[in-house]
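1. Below is the sequence, then the predicted model.
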Amino acid sequence: MRTDDPRDPINQLYGEHDHALNQLQILRSTGRSMVSEGVSPERLARFRYAVSFLDHDVRVHNEWEENHLFPLIELYTGPGGPCSVMRAEHRSLWDTYGAIGPALLKVESGTADRGSVEHLAFLADSVVDLLSGHIAKENEILFPMARRMLGLADLDKLVAARPPA
């Protein structure tokens with residue numbers, strides 16, 4: 001559940017998720033269009049931008065959750081609860097994401113065959129599926145739970161921990 005306060009740290013996380021979901025759509029559609037319509041400089045640029053967004057913005061987002069939000073939630077749930085599942089999903093996402101770089105370099109080299117482009121699109125779909133499912137769990141379960149558990153002092157800690165925009 002979102003509030004009307006744009007400074008609310010949970011709202012900010014929801015907003016970051018919205019932006020990530022938009023980039024994931026680009027990643028999926030561009031990967032698939034490279035398979036069906038061919039690799040072009042424009043498609044590669046769109047794909048590369050989405051990959052760069054994941055590598056920076058989503059990575060920073062995940063690290064912030066792990067370093068600031070999850071420890072506060074775990075004060076109420078204890079270790080081994082939903083935050084441990086979220087951390088494991090972060091690791092799975094980054095393990096899968098790690099294969100995109102070498103596959104993208106091969107496609108960008110101009111020497112890739114159709115199988116290489118299909119492999120890149122498959123990896124993109126895998127990352128999209130993992131991260132979309134993860135975001136849904138956080139949006140529908142973890143963030144509402146955090147809203148119920150965290151007090152004003154906890155939210156103030158989260159606000160103080162947010163990097164400048």
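-> Great, that's in hand.
2. so how many other residues sit close to Asp125?
-> Asp125 has 15 neighbours, counted by other C-beta atoms under 10 Å. C-betas here are computed from N, CA, C, even on glycine.
3. Actually, Pro9.
-> 22.
4. Show the contacting residues for it.
-> Leu69, Leu155, Leu158, Val159, Arg162 (C-beta atoms under 8 Å, 6 or more residues apart in numbering).
5. Wait, the last one touches Asn11, no?
-> Which is Arg162. No - using C-beta atoms under 8 Å, Arg162 makes no contact with Asn11, being 11.2 Å away.
6. which of the two has more neighbours?
-> It is Asn11, of Arg162 and Asn11, that has more neighbours when counted by other C-beta under 10 Å, with 16 against 13.
7. On the three-state scheme, the more buried one is what?
-> Under DSSP: H, G, I helix; E, B strand; the rest coil, Asn11 falls in the helix class.
8. helix or strand for Pro79, which one?
-> For Pro79, there is no enclosing helix or strand under DSSP states H and E.
9. Quick check: the gap between it and Asn11.
-> For Pro79, the distance to Asn11 (C-beta to C-beta, to the nearest Å) stands at 27 Å.
10. Could you do Leu152 as well?
-> The gap separating Leu152 from Asn11 is 15 Å, by C-beta to C-beta.
11. Touching, Arg28 and Phe122? I think so.
-> No - look at Arg28 against Phe122 with C-beta under 8 Å: they stay out of range, at 10.9 Å.
12. which one of these two has more residues nearby?
-> Neighbour count, other C-beta under 10 Å: between Arg28 and Phe122, Arg28 has more, with 18 against 15.
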